[in-house]
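[1] structure for this input, please:
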Amino acid sequence: MIRRDFIKLIITSLASHPIAAMAQRSIPVIGTLSPQAHTVLLDSGIYAGFSQGMRELGYAEGKDYLIEWRFAEGDYTRLSALANELVALKVNVLFATSSPSILAAHAATTTIPIVMGYFEGDPTEEGLAASLAHPSGNVTGLATMQLEGVSKDLDLIKAILPNLSRLGILLNPTLVSYRAAVEHLRTLAEKIGITVQDREARTPQEMETAFNAIGHTNNVGGILVMGDAFFFANRHRLVELSLTNRMPLIVSGNPEFAVAGALMSYGANLPDMFRRSAT
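    Prediction:
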């Protein structure tokens with residue numbers, strides 16, 4: 001989804017004193033909203049995609065634009081207030097890095113342009129766009145549609161674990177599309193003799209409880225995690241839990257999970273997604 005009439009900006013590094021500069025700004029300010037902690041986004045390597053994309057377009061921070069950051073530190077309940085803060089600052093563009101922050105930004109304004117960095121589901125199902133070809137409204141950007149790819153996840157799981165008869169699924173119910181995707185996967189799995197057991201988690205404690213509950217269920221041969229910003233921030237802990245429970249960990253989306261030690265992940269290249277967001 002690309003809206004050519006949008007400002008051709010989005011983001012790179014953290015401005016030194018963005019609020020002070022905004023009071024006397026003569027260049028555009030980009031408000032960036034992330035559900036992650038500061039270190040997760042900026043130290044994970046994903047952030048480099050922003051810088052690369054902006055450099056390729058010829059934009060330099062401090063000269064051509066400023067950035068005002070807001071991080072929810074993994075607490076999705078803070079996103080609404082943070083989005084409203086950015087709107088009150090009258091930023092020129094809102095860049096929302098992933099699904100939870102995108103939904104919060106959309107709820108906060110219908111006038112400030114919003115660019116999605118990485119939306120896991122279908123923007124039309126969540127009311128973010130009228131259609132992919134003609135979004136209308138004030139939202140544009142990139143969506144992976146990864147929740148429609150659960151059939152591919154199942155194919156890969158079956159290829160690696162041919163004797164699998166019971167599959168655990170871990171999901172964050174914040175995004176409505178996740179539940180629909182799980183039910184679709186359940187139907188597909190039953191057709192090939194696999195029973196699906198799903199658990200929800202929104203917090204680190206819920207994640208551990210859910211993972212351990214699945215791990216102690218008889219005959220569960222692997223766990224599929226529906227990729228999400230919360231799980232991404234806790235990916236190293238998820239890998240530890242999979243090793244402790246001797247349970248293969250498969251992730252729908254985010255190759256960084258496999259780098260962290262999961263058995264397998266299948267999804268988009270996040271640094272490249274964020275690089276393309278600059279356009």
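
[2] which strands and helices sit next to the longest helix anywhere in the chain?
    In the chain, with assignment by DSSP state H, the single longest helix is helix 176-191. Applying 3 or more Cβ pairs under 8 Å, 6 or more residues apart in numbering; DSSP states H and E, one finds that helix 176-191 contacts helix 150-160, strand 166-171, strand 195-200, strand 222-226. Where C-beta positions appear, they are placed from N, C-alpha and C, glycine not excepted.

[3] mind running it again at 6 Å?
    When contacts are defined as 3 or more Cβ pairs under 6 Å, 6 or more residues apart in numbering; DSSP states H and E, helix 176-191 packs onto helix 150-160, strand 166-171, strand 195-200.

[4] burial count for the residue nearest to Ser151 when sequence neighbours are not counted?
    Spatially, and ignoring its direct neighbours in sequence, Ser151 is nearest to Leu188 (5.7 Å; Cβ to Cβ, 6 or more residues apart in numbering). For Leu188, the count of nearby residues is 16 (other Cβ atoms under 10 Å).

[5] let me know the pLDDT of Gly127.
    Gly127 is assigned a predicted lDDT (pLDDT) of 88.

[6] any idea how far it lies from Gly227?
    When distance is defined by Cβ to Cβ, to the nearest Å, Gly127 is 21 Å away from Gly227.

[7] check which element follows the helix or strand that contains Ser101 along the chain.
    Assessed by DSSP states H and E, Ser101 sits inside helix 99-108. For helix 99-108, the following helix or strand on the C-terminal side (DSSP H and E) is strand 114-119.

[8] taking their axis directions, the helix or strand just after that following strand and strand 114-119 sit at what angle?
    As assigned by DSSP H and E, the chain's next helix or strand after strand 114-119 is strand 139-143. Strand 139-143 and strand 114-119 are oriented at 10 degrees to each other (axes from the mean of the first three to the mean of the last three Cα atoms, to 10 degrees).

[9] state the paired neighbours of strand 139-143 in the sheet, together with their directions.
    Here strand 139-143 has these sheet partners by DSSP bridges: strand 114-119 (parallel).

[10] report all helices and strands that the helix holding Ser101 contacts.
    Going by 3+ Cβ pairs under 6 Å, 6+ apart, helix 99-108 lies up against strand 29-34, helix 79-88, strand 93-96, strand 114-119.

[11] tell me how far the helix or strand that contains Phe50 is from the chain's mean position?
    Assessed by DSSP H and E, Phe50 sits inside helix 48-56. Its chain's C-alpha centre and that of helix 48-56 lie 19 Å apart, by Cα atoms, centre = their mean, to the nearest Å.

[12] run me through the strand neighbours of the helix or strand just after it, direction for each.
    Counting by DSSP H and E, the element after helix 48-56 in chain order, helix or strand, is strand 66-71. Counting by DSSP bridges, the strands paired with strand 66-71 are strand 29-34 (parallel).

[13] remind me which residues of the chain are low pLDDT?
    1-25, 40-45, 146-148 (pLDDT under 70).

[14] dump the residue contacts of the residue nearest the centre of it.
    Nearest to the centroid of the C-alpha atoms of the chain, with distances taken as Cα atoms, centre = their mean, sits Ser98, at 3.8 Å. By Cβ atoms under 6 Å, 6 or more residues apart in numbering, the residues touching Ser98 are 118, 229.

[15] with mean neighbour count and distance to Gly261 added, can I get the helices and strands packed on helix 99-108 in JSON lines?
    Formatted as JSON lines, those follow (neighbours: other Cβ atoms under 10 Å; distance: least, Cβ to Cβ, whole Å):
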{"stretch": "strand 29-34", "mean neighbour count": "26", "distance to Gly261": "24"}
{"stretch": "helix 79-88", "mean neighbour count": "18", "distance to Gly261": "29"}
{"stretch": "strand 93-96", "mean neighbour count": "27", "distance to Gly261": "29"}
{"stretch": "strand 114-119", "mean neighbour count": "28", "distance to Gly261": "22"}
